[in-house]
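Peer 1: The amino acid sequence is not available; the structure is as follows:
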Ligand code: HEM
């Protein structure tokens, strides 16, 4: 096999390989653990049944949709109570419902969001309880 | 229309395969074997194609001159359009690769009042450029699933892309741009009769494939949510060579992933190789120094010549006998 301008061709291929395999060498092959979510806040520990507003698998994928439903209900329709699938009734509030149970925002919401690269802009306006106290 | 039909049928079949595979619970195939296989085909196939190209010699400068070449000192040269040295070539290649300079010269022809009229046509350039840049943005943003901790430049890119913070989760501008550009380029091939005439199935196919990939991704982000934690476990598993088989992330994710794998395999087999090819375009990457340097063809065979002097030496006696004039006695 005779390559013309072989040096440049090989250099180009090396650059291509380095760029295309970026995720392989960037993490140096270390296995990544999913975030360790803490569900041991005082409020959750006092719960009889350790349940979220909706079932956990649904919450994992859809909590942001639930929050927009909540927001629209409260802000547009003035309705501040939400009935979950299993019949429980919750007060609609980001700060005093979600973050009452999940008062450890840093070890819960933030950990998960940093891992997934999500940056909710809600806290520009909404209060994080521990910061007030 | 037949060519378009073939492409659509191919894509519909490709959409159904992962649904079938998920129904049959072939998750190890779908989430581990296939991605590794497709990536291997992509990388090796890409290198193979480039090596094939590199075996063609390029002895002469066949640069297309789009500007005044370097000549006399008092004639102004255009060193980007007709470069004579390395830096000019780098500049021209950068313009070509980053801004599609050649496509900007695209013209359209139309018959107006029975006369052909030529004019500049920039739509192809515009949508082509938008398509490629937004695709780059989307691919770089996807790196958030592959690396942990997420490199700052990836987060910065996502923040920039979601600048307007429309909706929850934030709508990425690159998604909008990508859908618009891909749709426009697809419609161009369907609606314009002359373009449709020379479009083959393999012209429609990558556009449809990309549209369906992006479509399934956008559905996954804004409508039928999937658990991204599982997606990230899967992707970081691949790149650390300790893959975790993920079951049931969702049918949309199966489709998305399968279409990406198809694209990776299709890439080295098709004209998508223009990604590598653009770097090797001889009309762009050779300096126009035809008048400064003599370029010799390296494989010119040495030709055996028989000069007139040698001829005369050989036949002098016979020529004299016949009374022919000779140059040397
Ligand atoms: C050619 C390659 C690919 C293209 C063109 C593509 C395109 C897209 C687009 C346009 C979106 C919409 C949201 C966004 O832009 O972030 C998306 C979302 C998504 N893609 Fe891809 N994708 C590709 C490869 C992949 C791969 C290899 C994976 C596997 C890890 C993947 C997983 C996802 C997931 C999980 C989402 C949903 C993100 C969310 O909910 O925020 N994609 N994709």
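Peer 2: Arrived safely. Computed from a prediction, not measured in an experiment: that's the story for all the values here.

Peer 1: Give the burial count for residue B:224, as a bare number.
Peer 2: 14 (other CB atoms under 10 Å in any protein chain shown). Yep, even glycine has a C-beta here, placed from its N, CA and C like the rest.

Peer 1: can you count the residues close to the residue nearest to it when sequence neighbours are not counted?
Peer 2: Distances taken as CB to CB, 6 or more residues apart in numbering or on different chains place residue B:252 nearest to residue B:224, at 5.6 Å, with adjacent residues excluded. Counted with other CB under 10 Å, the neighbours of residue B:252 add up to 20.

Peer 1: Let me see the contact set for residue B:252.
Peer 2: B:216, B:219-220, B:224, B:226 (CB atoms under 8 Å, 6 or more residues apart in numbering or on different chains).

Peer 1: Closest to the ligand out of the residues you listed?
Peer 2: residue B:220 (4.2 Å; CB to the nearest ligand atom).

Peer 1: re the thing from before, can you tell me which of the contacts of residue B:252 are in helices?
Peer 2: B:216, B:219-220 (DSSP state H).

Peer 1: Distance of the residue nearest to residue B:224 relative to residue B:26?
Peer 2: Distance, residue B:252 to residue B:26, by CB to CB, to the nearest Å: 17 Å.

Peer 1: tell me which element residue B:42 is part of?
Peer 2: helix B:34-54 (DSSP states H and E).

Peer 1: ok, residues contacting that helix?
Peer 2: Contacts for helix B:34-54 (CB under 8 Å, 6+ apart): A:1, A:3-6, A:9, A:12-13, A:16-17, A:20-21, B:238, B:243, B:257-258, B:260-262, B:264-265, B:267-269, B:273, B:276-277, B:280.

Peer 1: OK, contacts around the most centrally placed residue in chain A?
Peer 2: Computing the C-alpha centroid of chain A and ranking residues by CA atoms, centre = their mean puts residue A:113 first, at 3.5 Å. Residues near residue A:113 by CB under 8 Å, 6+ apart: A:119-120.

Peer 1: Just say helix, strand or coil for it.
Peer 2: helix (DSSP: H, G, I helix; E, B strand; the rest coil).

Peer 1: residue boundaries of the helices in chain A?
Peer 2: A:6-20, A:22-26, A:42-46, A:56-77, A:99-101, A:111-116, A:129-132.

Peer 1: okay if I get these as TSV plus mean pLDDT?
Peer 2: Formatted as TSV, the helices of chain A follow (pLDDT from 0 to 100):
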stretch	mean pLDDT
helix A:6-20	96
helix A:22-26	94
helix A:42-46	89
helix A:56-77	94
helix A:99-101	91
helix A:111-116	94
helix A:129-132	64
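
Peer 1: what's the closest of the ones you listed to residue B:83?
Peer 2: Residue B:83 sits nearest to helix A:6-20 of all the helices of chain A, at 16.6 Å, using CB to CB.

Peer 1: and the closest one with helix B:34-54, angle?
Peer 2: Orientation of helix A:6-20 against helix B:34-54 (axes from the mean of the first three to the mean of the last three CA atoms, to 10 degrees) gives an angle of 160 degrees.
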